[in-house]
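Peer 1: show me the folded form of this:
(chains A, B and C)
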Amino acid sequence: MDFGAINPVVLFASLMVASTPILLAAIGELVVEKSGVLNLGVEGMMITGAICGFAIAVETGSPTLGFIAAMAGGAALSLVFGFLTQVLMSNQVATGLALTLFGLGFSALIGQGYVGTKPPATDRLNLGVLSDIPILGRMLFSHDLIVYLSLALVATVWAFLRFTRAGLILRAVGENHDAAHALGYKVVRIRLAAIAFGGACAGLGGAYLSLVRVPQWTEGMTSGAGWIALAIVVFASWRAGRVLLGAYLFGGVAVLQLNLQAAGLAVPVELLSASPYLVTILVLVIMSADRGRAALNAPASLGRVFHAST
Amino acid sequence: MNRRTLLASAALALGLAGTALAQDKTKVGFVFVGPIGDGGWTYEHNQGRLAVEEHFGDAVETVYQESVPEGADAERVLTQMALSGADLIFTTSFGYMDPTINVAQKFPNVKFEHATGYKRADNVGTYSARFYEGRAVQGLIAGHMTESNIIGYIASYPIPEVIRGINSAYIHARKVNPDVQFKVIWAYTWFDPAKEADAATALIEQGADVILQHTDSTAPQAAAEKAGNVYTFGQASDMAEYAPKPRISSIIDNWTPYYIDRVQAVIDGAWTSDDTWDGIGAGMVKIGEITDAVPAEVKAEAEALIEAIGSGAYHPFTGPLNKQDGSVWLAEGETADDGTLLGMNFYVEGLTGEIPQ
Amino acid sequence: MIRLEKRPQPSRAWTVAAPLLAVALTMVAGGLMFALLGKNPVDAIRTIFWDPLFNQQFASYSRPQLLVKAGPLILIAIGLSLGFRAGIWNIGAEGQYIMGALAGAGVALALYPLDTWILFPLMVLAGALGGWAWAMIPALLKTRFRTNEILVSLLLVYVAQQVLASMSLGLMRNPEGGGFPGSRNLQQYPAAANPELFEGTGMHWGVVAAFIAVIAAYVLLNRHMLGFQIRLTGQSPRAARFAGVDTNALVLFCLGTSGALAGLAGLFEVSGPAGQVNIDFNVGYGFTAIIVAFLGRLHPVGILLAGLLMALTYIGGELAQFMLGIPAAAIQAFQGMLLFFLLGVDVLSNYNIRLGRREIA
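Peer 2: Got it, this is the predicted structure:
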């Protein structure tokens, strides 16, 4: 065994990259759920974003355009969900699952021509002096733009929900849509906006996978990342800061277990492979044992159908 | 001739006409475990299918089905394919073994070819490729190219096929570089590009400067490219988009010659059940171009090895070789028999770590 | 201006007509997609919906296969629907399905080559227990620590998959399998096998169990106090508490039942159609069953029909793939569309559509 080979600084740098796709998808889903909508189609939106981003980046040669296209693609697909659940008032759980099924098939269909293609490279951001700081430079200031964007997004969502009037309205809609409606807020419109935002974030997360983290296009390449993002929102008990914590924790354990294997730790591989899930459950239990606080944060109208009956 | 025999002979004639019509076009079915777009295992099998179409033109019709789960679904897909009039069906994943045998029993006139399995019948043949021959070449190049003497290996599941590859690569890396050390990560998945990327990154961070992989995505290539001075090899497909560096060579699954050969045999009525395990010699395992990133003398040495293996002059598992625990496996000059190789579940001496059980 | 007005009672006519309308709409939209892919849309639609049932070449084989495919979906969906009605969300049936299969197959493999009639009943018991026990983890965590059961049950799917991989490579690996992963084939172990009960019907014990589950769920929901409690809890948890419903007991019951049924489905599959424990044994029945449960409006009879419809699209989709060369991805997208339409048109049974201005009350 050779633990000396594991460098914590480098480990942290890689966990930031490994966590970014789920972080992006999770922060988007957080906003969706705060508005009272449960969209289980994150996986479908992520993979759609992954192919839209990949295709546009390859065609135009610009990763930036790719990321924009990914957001557009994810948002467009999410609006299918939005239309069904908000306008036609279908069941959100089932519609979300159907969205995942559709997204997986649809993305594979678009992606047929892109197998084995190499996307244009996304540059690391040059942060000048910052990148040269020993330890911290390598750890925090040597990433690409999307990593920082994801962090900025977490901060923005946190501030938005906490301090802005719009954020308050969003939460009100999620807490009690009938009351919000009675106060004259356009419940359906607000929720559609939240859903589209969630779709765009998931799409961006997917594109980060296909353009930066992997980078290539293959069918089904998200392989479950969307589900993890969903889990992290609940794990975070609907708080932006904890979404960051949850995503980095999950990404961290996933990266750590691979490092432990490479270092030759004599623990069954199966156990190591299952460890990210087990650790997440464990933390979840500890947090929810703190009675009631998690429940308080859950939007009261989550998953309920809204119909303006007046 | 009475009425009854008349009818019977008419039926016979009709039946014959039916077969003659069916024989106009030989129908060949392919059952794939992944999507064609996986860029690896299934992709290469499908390349073989396309080559069959190209080669035979109108004489052959191919049908295929992607992403067929192993088990009950495979049995149904196979049955439906046989019912649709397929003459020959290739089942391209180990897990299709029992379903193939079951369906073959019900359709004695349809020929089946099962990849990587060991159960055969009168109408079921098996085929597989000696990928370990390619691994030997990789090992040799890797042993020369590593500066840190640490070679990373991304393995999928601990099954004989994968273990054989690790052993073969290690033996030949050690031969040219006695200080070489292998770090193996078991990904416990055939397909999860993100996890492969993380695994490659973890290996690179721990000092590996050559990465071998037994998983199909190009994620490790990209991780190596990002890291800079790290070399990789294409797996299953050529992955030439990462040449000349980090990808310095590749092992390509080349099913085309075999598929064309077997389809021809069916057309000629000469097909018999067989057990094919071909390697570099028969062209089933192809070594992709060794790029200029590899020094000329290393390249020459690798090409000599390819030549020796291809001609049958050299077997990658030639003694003296010990097992990991130090016990003797092959004596001086002895070569491994296929039975041991097929069921290989041990590391050779020098490899560290344990095979997960 | 189009408005929706909630109907006091769901329209009976639309409850029947809406799914048919959805299928028709899917045929149009899906046909358009197939046409864009350069395939004949009429052929494609006919192959998916008609051929598995009535094609001379295939139907005698495909029709029974509908039962084989629908059996586990229905069995799992029935279990899930009980919890869903009560607002208890078990998303991890896939994991319970795996654990049931492992427990059941484990009994058979441990006793190999014991040849006695009692073996199969023992396996059934073990299968149910395996799924039940796996579902008890989220259930107990919920009742003890109020941990969210959606999340725990979902995460446990991934853990179960690792256990499955480990079992098929280690403990349950076939000692005569030449080192390859995967257990002995239970189909070839008569005392442990779950074969077709009548040749050519597709009926195996799992399908029988699915039918029994449909009837039992119907009786439970309509005739039994527990069924009333489940419905009440789903509609109004507060009212249920006032009515003296023991919420914790209900959580244990619903998760336990759905887990046990998923475990049973896994056991019947591993000993029957699939035959062996292997790394890729699970093919997503646990997740698809969630959709089936909702398509069936959480009603036992609805679930039965929804399960059969899903099975039809799977089998028809397979035929369409190799008969017409339609990519698997297009079939998946087509299934997604069908679900969208089925879920979308439900609005017609619950709401009236009114054109024109809102009347002033």
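
Peer 1: near chain B, which residues of the stretch 151-300 of chain C are found?
Peer 2: Residues of the stretch 151-300 of chain C lying close to chain B (C-beta under 8 Å from any C-beta of the partner chain) are C:162, C:165-166, C:169-170, C:178-182, C:185, C:187, C:269, C:272-276, C:278-281, C:283. Where C-beta positions appear, they are placed from N, C-alpha and C, glycine not excepted.

Peer 1: pull out the buried members of these.
Peer 2: Neighbour counting over these (16 or more other C-beta atoms under 10 Å in any protein chain shown) leaves C:162, C:165-166, C:169, C:179-182, C:185, C:187, C:269, C:272-276, C:278-281, C:283 as the buried ones.

Peer 1: buried stuff in stretch C:326-340?
Peer 2: For stretch C:326-340, the neighbour count (16+ other C-beta under 10 Å) marks C:326-340 as buried.

Peer 1: any part of that stretch near chain A?
Peer 2: Yes: under the criterion of C-beta under 8 Å from any C-beta, chain A is reached by stretch C:326-340 at C:327-337, C:339-340.

Peer 1: helix or strand right after whichever strand or helix holds A:Glu29?
Peer 2: Using DSSP states H and E, A:Glu29 maps to helix A:8-34. Under the assignment DSSP H and E, the closest C-terminal helix or strand after helix A:8-34 is helix A:42-60.

Peer 1: and that next one, C-alpha only, in PDB?
Peer 2: The C-alpha coordinates for helix A:42-60 follow below in PDB (Å, rounded to 0.1, in the frame of the first residue of the first chain):
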ATOM      1  CA  VAL A  42     -32.700  15.200 -15.000                       C
ATOM      2  CA  GLU A  43     -30.900  12.300 -16.600                       C
ATOM      3  CA  GLY A  44     -32.800  12.800 -19.800                       C
ATOM      4  CA  MET A  45     -32.100  16.600 -19.900                       C
ATOM      5  CA  MET A  46     -28.400  16.100 -19.000                       C
ATOM      6  CA  ILE A  47     -27.900  13.600 -21.900                       C
ATOM      7  CA  THR A  48     -29.800  15.900 -24.300                       C
ATOM      8  CA  GLY A  49     -27.500  18.800 -23.200                       C
ATOM      9  CA  ALA A  50     -24.500  16.500 -23.700                       C
ATOM     10  CA  ILE A  51     -25.300  15.800 -27.300                       C
ATOM     11  CA  CYS A  52     -26.600  19.200 -28.200                       C
ATOM     12  CA  GLY A  53     -23.500  20.800 -26.800                       C
ATOM     13  CA  PHE A  54     -21.200  18.200 -28.400                       C
ATOM     14  CA  ALA A  55     -22.800  18.500 -31.800                       C
ATOM     15  CA  ILE A  56     -22.800  22.300 -31.900                       C
ATOM     16  CA  ALA A  57     -19.200  22.500 -30.500                       C
ATOM     17  CA  VAL A  58     -18.000  20.100 -33.200                       C
ATOM     18  CA  GLU A  59     -19.900  21.800 -36.000                       C
ATOM     19  CA  THR A  60     -18.900  25.400 -35.100                       C
END
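
Peer 1: sort out which residues of whichever helix or strand comes after it are buried, please.
Peer 2: Where DSSP H and E defines the elements, the next helix or strand beyond helix A:42-60 is helix A:63-82. By neighbour count with 16+ other C-beta under 10 Å, helix A:63-82 contains the buried residues A:63, A:66-78, A:80-82.

Peer 1: same thing with stretch C:340-355?
Peer 2: Using 16+ other C-beta under 10 Å as the test for burial, stretch C:340-355 gives C:340-351.

Peer 1: which secondary element of the chain has the worst mean pLDDT?
Peer 2: Let's take chain A. Least confident helix or strand, chain A: helix A:293-297 with a mean of 57, by mean pLDDT, DSSP states H and E.

Peer 1: enumerate the residues of the stretch 101-250 of chain A near chain B.
Peer 2: Neighbours of chain B within the stretch 101-250 of chain A, by C-beta under 8 Å from any C-beta: A:108, A:111-112, A:115-118, A:209, A:213-223, A:225.

Peer 1: which ones among those lie within helices?
Peer 2: Those of those mapping onto helices are A:108, A:225, per DSSP state H.

Peer 1: which ones are touching the closest residue in space to A:Ala108 that isn't next to it in sequence?
Peer 2: Excluding the flanking residues, the one nearest A:Ala108 by C-beta to C-beta, 6 or more residues apart in numbering or on different chains is C:Ala329, at 3.3 Å. C:Ala329 sits next to A:104-109, A:112, A:219, B:35, B:37 when contact means C-beta atoms under 8 Å, 6 or more residues apart in numbering or on different chains.
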